[in-house]
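Trainee: this is a predicted model, with the sequence first.
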Amino acid sequence: MASKFQQNSNIAAQNQLAHWLNETGMSDGHKKADLLRKSIELLLHQCSHMLPTHLENVLSYVSDKSTDIKKQVVGFIEELSKNHPQFLPKIISQLRLLVLDSVIAVQKRAIQAASIVYRNTLLWICKENGELSELQFVWDNLKELKLLVLNMIDSDNEGIRTHSIKFLEEVVLLQSPSGSGEEDFCLDNLPSHLPFINRHALEEESEHIFQLLVKFHNSQHISSVNLMACMTTLCLLAKFRPKYMPRVIQALGDLHTTLPPTLSQSQVNSVRKQLKMLIVNLIRHPSSADMIPQLTQLLADIGMSAQEINKLVPKDRRYKRVGDVKNGDTPAKRLRIDSPHSNSQGSDSNSRSDFTLFDDDSSQGASKSAPIVTEDTIFEGLNNVDNVVNLVMSTLLNCLPTEMPSNFASLYNPIPNSGTKVQKRHLAKLTYALIKNEPEVPPQPLLSDIAAKIPLLREEEEKITLKNAVAKLQESTKAERQKENAVSKLMEETRQEYLKDEERRNKDKEKPSVPPTPTIPKLKQKVKFLKLQEITRPIPKDIKEKLMLQAVERILGAEKEAAIGGASQIRAKLITIFASSYTPEIRELILNYILDDPVNRIDLALSWLYEEYALMQGFNRHPVTLQPKMHEKHDQNYNQLLCALITQIAERGDPIMEASKDLLLRKVYSECPVVTEEAVDYLKHLVTEDKVAMLALELLEELCIMRPPRAHKYVTSLLCHVLSENEEIREFALKASVKIYKRGTESVRRVIEKQALLYLGFMSLPIPPTEVMPRHTRVWNDDAYKLCLNLTMALFPENEELIVEVGRVYGAAGAEAKRVVLRAIEGPLRAAQWPQGTQGPQGTQPGGLHPACRALLQHCPRGAETLLTRLVHILTEKAPPSPELVSRVRELYATRVSDVRFLIPVLTGLTKKEILAALPKLIKLNPVVVKEVFNKLLGLQNMHEERSPVSPTDLLVALHLIDPGTADLKYIIKATAMYCQQSCSGCAKSPRSRC
């Protein structure tokens with residue numbers, strides 16, 4: 001009776017499971033997630049025999065859009081790896097997809113589950129319950145999963161980094177040998193006979209991951225949450241793998257001395273508190289016995305008192321070494337270091353001395369001098385090959401019976417992990433118990449028992465301190481009871497609902513049906529609805545595409561009919577939707593239709609462009625019929641259409657197209673929603689074509705002016721033509737560049753200035769670049785220098801501070817380049833001067849310091865002194881030098897410029913003392929220059945009625961008083977004669993002159 005009830009219950013559960021799974025596929029939102037949760041619980045705990053049937057159905061929700069559903073699938077995979085590992089070949093690849101999910105929450109949950117799945121997979125491989133091909137398939141996927149999570153330690157998300165740290169902690173624990181005697185799963189449990197498992201490589205990998213964790217722990221840009229998680233991980237590894245203890249303590253010490261500078265004060269306090277707690281836990285752990293001095297020193301550095309530290313250190317370890325010294329004994333670790341077999345000159349007698357504990361009576365007499373027998377000494381002795389060989393030979397000779405017992409063949413089982421550290425440690429325990437007459441040590445548990453005892457987080461403090469722990473502890477008995485109660489309650493509610501539905505249906509059947517009235521005829525029978533899917537067959541793909549193509553052809557051919565019927569706009573909308581939403585064949589058909597009569601159909605082309613632009617920007621949902629491929633860009637269709645229209649219009653040789661080419665190109669470029677880089681590059685190419693060169697330049701100029709937000713991207717295609725060898729193209733590009741510079745935004749002005757300075761910098765190169773002279777034989781000449789200067793000189797009236805950059809290049813250039821610069825800059829400088837009697841730029845008064853001169857005087861580069869001299873000469877030709885100019889020239893002459901010619905333009909602004917001091921140098925100059933100096937000082941070239949600081953008499957006296965040591969006598973005589981000549985001619989011309 002009970003079996004029948006159980007069978008009925010199983011059938012009801014199966015029916016309920018199928019019902020819930022069907023409802024899940026047709027539901028949305030929270031209802032769908034709730035139904036899937038119920039289905040997974042029922043499938044795992046009540047209908048586990050139905051897993052092969054419904055596994056694929058549940059795993060199909062990996063690609064669902066809902067985050068909650070994906071997280072439930074992750075939990076389902078985690079439970080399967082625990083309780084049903086035979087399905088690992090089917091679920092391991094799905095877990096990889098979830099780790100790579102685009103949702104952060106799903107990624108974190110998947111990495112958390114990956115820690116548990118990794119451990120359970122290794123346990124399953126050890127049991128070797130599957131075929132070799134399945135084992136290798138799961139192992140390969142597991143390695144790829146491990147690599148994915150390893151790379152996520154550099155993720156931008158803090159939570160993902162934390163979960164990755166905990167996963168790597170699990171990997172290091174599982175792939176490293178256990179240094180302690182704890183019955184924990186480790187590298188030694190992995191089978192060595194499987195071809196795809198290499199223990200040595202796995203151990204090296206765990207070492208590499210541990211070093212990576214230490215490096216991440218010591219990073220200067222780590223966040224506080226990641227730092228505390230990494231600290232906890234390293235300390236846990238040190239506890240369970242004692243070989244890492246010294247390096248972990250070193251890392252904690254480094255952290256204490258150099259905390260990351262990115263932490264706030266509250267975070268620093270939290271990190272130090274966590275560090276203190278972890279060190280205290282390490283001191284209490286048995287494996288830290290040899291590192292007590294380092295740990296106590298670290299606690300003292302943190303701020304703990306000696307009394308507090310003494311309370312923390314266990315008493316047995318606190319007084320161990322003191323007690324050993326008092327008793328005349330040596331600790332076990334010291335014995336191993338100084339034992340005879342560690343000596344390179346060891347002999348057989350030395351080897352035997354390690355194992356005197358195995359002799360019958362000989363050890364009794366020498367017990368005082370023999371070392372203390374402990375489990376560690378036995379373990380060390382088993383690591384010596386000579387000792388093991390002696391033991392085996394002695395046993396074979398003395399301890400074996402003459403005949404094999406009859407039950408030996410049936411009872412003997414080979415040792416699965418012989419030769420490993422775990423097996424040696426176990427053998428040492430047995431031997432030690434035998435010697436001490438203690439009860440026999442229980443045998444090593446099986447792998448399944450080990451799996452049941454493996455915790456993911458071993459101590460309570462790790463649970464408290466790690467907010468984002470990767471894996472939960474195995475559920476306790478209370479949690480198991482709660483789960484069973486929840487499932488049974490769920491099944492009971494379902495059964496009650498099922499019974500109520502059955503009772504309701506039975507009542508409906510028992511109701512007496514009213515017989516139809518004979519006088520009223522039955523007018524209508526129940527209509528049977530037909531389902532289209534049942535009565536039709538799907539059309540093959542090639543036939544559907546052919547029918548669509550024919551339909552589009554009919555719509556394209558109905559241009560006149562649509563115009564007559566007033567449906568032209570609807571027809572155009574249909575065509576653009578077909579073109580942007582269907583196959584490439586339809587796109588090509590519509591494009592050819594537009595290009596057959598582009599003048600009348602250009603509006604249709606622009607409508608199509610705007611439809612593609614709406615799809616590209618996400619204003620419209622992308623059609624299912626034309627989903628973009630993974631390797632394609634989202635703007636590919638728009639860009640292809642725009643470039644196809646432009647190239648076909650520009651390159652088709654039809655007479656109709658040639659006549660309207662300018663109009664069509666201008667319309668497409670001016671009215672399309674956005675001009676792509678490829679379209680701008682094509683315009684740049686068209687400049688090289690003789691027929692459409694000026695049109696392309698005009699379009700580039702219009703793009704820069706009419707589309708200000710993207711003008712900084714377009715203007716470079718125009719600026720490159722200021723170096724063109726074609727004079728017409730060069731002049732147009734220069735004028736357009738200046739026009740755009742005047743009207744453009746700040747970003748456009750910066751781009752133009754940057755390009756101008758780039759071309760200007762070419763002048764300092766030893767060989768002209770290909771942009772200036774594309775021919776093979778490239779040699780500088782005057783024309784090449786002028787090409788490099790033309791854009792800067794054109795911009796000079798708008799930005800006079802460019803003169804500083806000209807001076808910088810002038811100082812580094814050669815003599816030819818300097819000569820070209822001096823000639824080229826004279827025109828812009830004269831044009832930049834303001835008329836006499838008017839205000840200069842930026843409110844500068846007449847006669848004030850010119851902005852260009854001020855900029856060059858403030859930032860005069862080395863080697864540009866002659867350029868500055870020429871600039872001052874030009875600026876003082878039509879106006880007297882201002883006091884500011886005289887002051888700056890005087891300062892430069894005293895500090896940097898030693899050429900006395902630098903003073904000539906401002907002589908009338910200098911003091912009498914300064915003029916007389918410079919007179920010996922002035923008379924040594926060229927006679928033409930000396931004549932100019934006397935004219936300035938005598939006032940013969942005074943157009944502004946400025947008064948000379950030196951009278952003619954004083955000047956003549958100064959000439960006679962010049963020391964012959966400072967200037968040769970011939971220069972003095974020539975200068976005096978020239979002075980008399982200029983003075984006499986001045987008196988003859990101007991009676992009011994000062995003769």
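Mentor: Thanks, I have it. Just so we're clear, the structure is a prediction, and the values are computed from it rather than from any experiment.

Trainee: tell me which helix or strand in this structure has the weakest average pLDDT.
Mentor: helix 348-354 (a mean of 33; mean pLDDT, DSSP states H and E).

Trainee: okay, now the domains of this protein?
Mentor: 1-63, 66-217, 243-331, 545-674, 796-835+842-909, 911-995 (automatic domain parsing).

Trainee: redo the ones you listed as TSV? Include distance to Glu753.
Mentor: Quick note: C-beta positions are derived from backbone N, CA and C, even for glycine. Formatted as TSV, the domains of the chain follow (distance: least, Cβ to Cβ, whole Å):
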stretch	distance to Glu753
domain 1-63	52
domain 66-217	36
domain 243-331	38
domain 545-674	26
domain 796-835+842-909	7
domain 911-995	36
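
Trainee: TSV please, covering these and showing distance to Ser724, mean neighbour count and mean pLDDT.
Mentor: Shown next, in TSV, are those (distance: least, Cβ to Cβ, whole Å; neighbours: other Cβ atoms under 10 Å; pLDDT from 0 to 100):
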stretch	distance to Ser724	mean neighbour count	mean pLDDT
domain 1-63	56	16	79
domain 66-217	47	19	87
domain 243-331	53	15	79
domain 545-674	20	16	84
domain 796-835+842-909	18	18	75
domain 911-995	41	15	69
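
Trainee: nearest to Glu746, out of those?
Mentor: Proximity of the domains of the chain to Glu746 was assessed by Cβ to Cβ; the nearest stretch is domain 796-835+842-909, lying at 12.4 Å.

Trainee: relative to the whole chain's centre, how far out is that closest one?
Mentor: On the basis of Cα atoms, centre = their mean, to the nearest Å, domain 796-835+842-909 sits 50 Å off its chain's mean C-alpha point.

Trainee: now do that domain: distance from first to last residue.
Mentor: 28 Å (Cα to Cα, to the nearest Å).

Trainee: hmm, back to that, of all the domains of the chain, which one is nearest Cys720?
Mentor: The nearest among the domains of the chain, by Cβ to Cβ, is domain 545-674 at 18.3 Å.

Trainee: show the end-to-end separation of that closest one, please.
Mentor: 31 Å.

Trainee: ok so, going back, closest one to Ile767 among the domains of the chain?
Mentor: Here domain 796-835+842-909 is closest among those (Cβ to Cβ), at 12.0 Å.

Trainee: list phi and psi for Val692.
Mentor: When read as degrees, to the nearest 10, the backbone of Val692 gives phi -120, psi 20.

Trainee: the closest residue to it other than its chain neighbours - how many residues pack around it?
Mentor: Of all residues not flanking Val692 in the chain, Leu686 sits nearest, at 5.1 Å (Cβ to Cβ, 6 or more residues apart in numbering). Look at Leu686: counted by other Cβ atoms under 10 Å, it has 20 neighbours.

Trainee: and the pLDDT for Leu686?
Mentor: For Leu686, the model assigns a pLDDT of 91.

Trainee: what about stretch 710-719, average pLDDT?
Mentor: For stretch 710-719, the per-residue pLDDT averages 91.

Trainee: check which residues of that stretch are buried.
Mentor: The neighbour-count check on stretch 710-719 (16 or more other Cβ atoms under 10 Å) flags 711-719 as buried.

Trainee: return the distance of that stretch from the chain's centre.
Mentor: 29 Å.

Trainee: also stretch 236-256?
Mentor: The answer for stretch 236-256 is 31 Å, by Cα atoms, centre = their mean.

Trainee: list the neighbours of it that are in contact with it.
Mentor: If you take Cβ atoms under 8 Å, 6 or more residues apart in numbering as the criterion, stretch 236-256 is touched by 169, 172-173, 176, 178-180, 182, 184, 210, 213-214, 217-218, 227, 231, 234-235, 271-272, 275, 278-279, 281-282, 285, 287-288, 290-291, 294-295, 298, 301-302, 457-459, 462.

Trainee: same question for stretch 587-606.
Mentor: With Cβ under 8 Å, 6+ apart, stretch 587-606 has contacts from 549, 552-553, 556, 572, 575-576, 578-579, 608, 641, 644-645, 648-649, 652, 656-657, 660, 663-664, 667-668, 671-672.

Trainee: against Ile125, how distant is Pro191?
Mentor: Per Cβ to Cβ, to the nearest Å, Pro191 is found 7 Å from Ile125.

Trainee: shared neighbours of these two, which are they?
Mentor: With Cβ under 8 Å, 6+ apart, Pro191 and Ile125 have common neighbours Ile197.
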